[in-house]
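> No sequence on hand, only this structure:
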């Protein structure tokens, strides 16, 4: 009987991508590679900025306490950072429609547009509506005539063809009209942003936001806290808001964003020479440089930039965490652990740092400790989809396949565009020989990310098991094309060549796998089997 080479199916085929490192919680596609410089800040300062701010509070049913305060505070903050602001308070339907028309006209001059709404909102049949103070909504269908579709606002902003748009909806409070309707849904529905836009919700789709007990709603209070931070990238600013709000509400309210922004933007672009807070500005600048270097795999430069950020601000938890990610990529586990420990010391409720510390334990094969860290991350933030994925990986290693699939399912439920979870679930299905499900998951991962080498590798394993060798070869080749340093794809292609009795090619691929990863778990043994088979021909 011919010796069987060891395929790297299931979790082993994915070992370099076994877990998800959390850098941004609500991950969306982002453009990277642009470093904050003094020239960029000056350019942003000259950029035209236009905002429409609406606060509605005086509803006959369920008036709101803070939405007027929120709108006024946001209008003042935006004026302070260079926005021309249209402010409406307790507006009726006609007033809002007129303001949107004026806003649309002004946006055509270019620059950055921002729409902020605080008040009641609702969703009906998947469409979100902002409710004027004079709306009469006896039945759900009335919203089509008495309220403003969010889609209309987005369409007018997109039609203006300006450079960038931001929409902030603090409108996820309980629907005061729900008791009149036969059926209703909580909160707002998800929205897919147009290119060059960011849409921010006060809480996750379907969730309900608190109006707040102070002068401002909780969500807007944290926006106001971070909006003027010098040179803070807009996507990072919303992340800071989310971290503060999650901690303040003990995970009951989790802000959400959809982003397709192209390029960088900060509300308060200040040069180092102008800044009244040079230390804070410099720390943010170094941190952003570290992000750019890390995303371009320039690890030495990333470490240097994060270290500079920490020197300027020794309480910069996110810089410790992200430096720990780089150390983990470099397999320097002691330093990775130390940095995540420090991040947690600075912020004991930092769910991302617990998740990433779990990844360090996973690499050290301390699975019980890894599981405890992922559990803690999920306890702090039940919407942290990366932690569910990572816990699923541990369950997979423990052969608790049902629990692994359950966690992958949860990760996908939270983020339906999370390719890693589809890929990992597909590999469990492959192990269980549920080939149709495995193939569907690999296909979905590739649909989400056409440059996902490991998904091609995983799909190749499915084809390989089904003895569809031409398709398996095509997928292994694609994995190597996308990532020429994918030792697992070389090993698996070598395995296929072995099955095809092309032993010289099998040996060559195993050698390449070992060149990339001298400690590859199977390539050395597979090479010996191919050499022996060649001698016995």
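Yep, that arrived. No experiment lies behind these values; they were computed from the predicted model shown.
> How many residues are close by residue 466?
13 (other C-beta atoms under 10 Å). (Each C-beta comes from the backbone N, C-alpha and C, glycine too.)
> meant to ask about residue 165, not that
So residue 165, with other C-beta under 10 Å, has 24 neighbours.
> That one contacts residue 159, correct?
No. Shown here, residue 165 and residue 159 do not form a contact pair, counting by C-beta atoms under 8 Å, at 10.8 Å.
> ok, and the helix or strand in the chain with the lowest average confidence?
helix 38-46 (a mean of 39; mean pLDDT, DSSP states H and E).
> what distance separates stretch 71-84 from the centre of its chain?
Here stretch 71-84 is found 28 Å from its chain centre; the criterion is C-alpha atoms, centre = their mean, to the nearest Å.
> for it, which positions count as buried?
Buried positions in stretch 71-84, judged by neighbour count with 16 or more other C-beta atoms under 10 Å: 71-75, 77-78, 81-83.
> Among the residues you listed, find me the one that's closest to residue 293.
residue 81 (27.7 Å; C-beta to C-beta).
> Contact partners for that closest one?
Residues in contact with residue 81 (C-beta atoms under 8 Å, 6 or more residues apart in numbering) are 49, 227-228, 267-268.
> out of these, which are inside strands?
Mapping those onto strands (DSSP state E) picks out residue 49.
> Redo the contacts of residue 81 as a markdown table? Include distance to residue 304, pLDDT and neighbour count.
Below are the contacts of residue 81 laid out as a markdown table (distance: C-beta to C-beta, whole Å; pLDDT from 0 to 100; neighbours: other C-beta atoms under 10 Å):
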| residue | distance to residue 304 | pLDDT | neighbour count |
| --- | --- | --- | --- |
| 49 | 34 | 95 | 20 |
| 227 | 29 | 91 | 21 |
| 228 | 28 | 88 | 16 |
| 267 | 28 | 92 | 26 |
| 268 | 26 | 89 | 21 |
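> Taking the contacts of residue 81 together, which two end up most distant?
The most widely separated members of these, counting by C-beta to C-beta, are 49 and 228 (13.9 Å).
> what helices or strands is the helix or strand hosting residue 165 leaning on?
Taking DSSP states H and E as the definition, one finds residue 165 inside strand 164-170. Packed against strand 164-170 by the contact rule (3 or more C-beta pairs under 8 Å, 6 or more residues apart in numbering; DSSP states H and E) you find helix 67-80, strand 112-118, helix 150-159, strand 197-201, helix 218-227.
> Try it again at 10 Å.
Other helices and strands packing on strand 164-170, by 3 or more C-beta pairs under 10 Å, 6 or more residues apart in numbering; DSSP states H and E, are strand 49-55, helix 67-80, strand 112-118, helix 150-159, strand 197-201, helix 218-227, helix 234-248, strand 256-259.
> would TSV of the ones you listed with distance to residue 135 be doable?
Output for the helices and strands packed on strand 164-170, formatted as TSV (distance: least, C-beta to C-beta, whole Å):
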stretch	distance to residue 135
strand 49-55	14
helix 67-80	15
strand 112-118	14
helix 150-159	15
strand 197-201	21
helix 218-227	22
helix 234-248	28
strand 256-259	25
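> Any idea which of the ones you listed gets closest to residue 330?
Among the helices and strands packed on strand 164-170, helix 234-248 sits nearest to residue 330 (C-beta to C-beta), with 23.7 Å.
> Averaged pLDDT, the closest one. What do you get?
Across helix 234-248, pLDDT averages out at 87.
> start the count at 12, not 1, going forward
New numbering, starting at 12: the last item is helix 245-259.
> Quick one: distance of that helix to the chain centre.
Using C-alpha atoms, centre = their mean, the offset of helix 245-259 from its chain centre is 13 Å.
> Now do it and strand 208-212, the angle between them.
Put simply, helix 245-259 runs at 10 degrees to strand 208-212, going by axes from the mean of the first three to the mean of the last three C-alpha atoms, to 10 degrees.
> ok, which stretches of the stretch 362-511 of the chain are helices?
362-374, 378-391, 396-408, 412-425, 430-442, 446-459, 464-476, 480-493, 498-510 (DSSP state H, counting those that start in this stretch).
> Nearest to residue 148 among those helices would be which one?
It is, among those and with distance given as C-beta to C-beta, helix 412-425, at 30.5 Å.
> The closest one: which residues count as buried?
412, 415-416, 418-419, 421-423, 425.
> Next, the buried residues of the helix or strand hosting residue 106.
If you go by DSSP H and E, residue 106 is part of helix 104-118. Using 16+ other C-beta under 10 Å as the test for burial, helix 104-118 gives 104, 106-107, 110-111, 114-115, 117-118.
> contact partners of that helix?
59, 61-65, 67, 95, 97-100, 102, 124-126, 128, 141-146, 156-159, 163-164, 166-174, 176 (C-beta atoms under 10 Å, 6 or more residues apart in numbering).
> now residue 359: how far from residue 242?
As judged by C-beta to C-beta, to the nearest Å, residue 359 and residue 242 stand 28 Å apart.
> So for these two, which sits in the more crowded spot?
Higher neighbour count among residue 359 and residue 242: residue 242, with 27 against 12, using other C-beta under 10 Å.
> Report the separation between the closest residue to residue 444 other than its chain neighbours and residue 450.
Distances taken as C-beta to C-beta, 6 or more residues apart in numbering put residue 476 closest to residue 444, at 7.6 Å, once the chain neighbours are dropped. To residue 450, residue 476 is 10 Å away according to C-beta to C-beta.
> Mutual contacts of these two, please.
Common neighbours of residue 476 and residue 450 (C-beta under 10 Å, 6+ apart) are residue 441.
> Looking at those two, which is more packed in?
residue 450 (18 against 15).
> residues touching that one, list them.
Going by C-beta under 10 Å, 6+ apart, residue 450 touches 437, 440-441, 469-470, 473-474, 477.
> separation between it and residue 506?
Relative to residue 506, and taking C-beta to C-beta, residue 450 is found at 19 Å.
> again, but for residue 123
53 Å.
> neighbour count winner among the two?
Neighbour totals were compared for residue 123 and residue 506, and residue 506 leads with 29 against 22 (other C-beta under 10 Å).
> from memory that one sits against residue 517, does it?
Yes. Residue 506 lies in contact with residue 517 (C-beta atoms under 10 Å); the separation is 7.3 Å.
> circling back: out of the contacts of residue 450, who has the most neighbours?
Ranking the contacts of residue 450 using other C-beta under 10 Å puts residue 469 first, with 32 neighbours.
> Setting aside sequence neighbours, what's the nearest residue to it?
Excluding its sequence neighbours, the residue lying closest to residue 469 (C-beta to C-beta, 6+ apart) is residue 453, at 4.9 Å.
> any idea how far that neighbour lies from residue 86?
49 Å.
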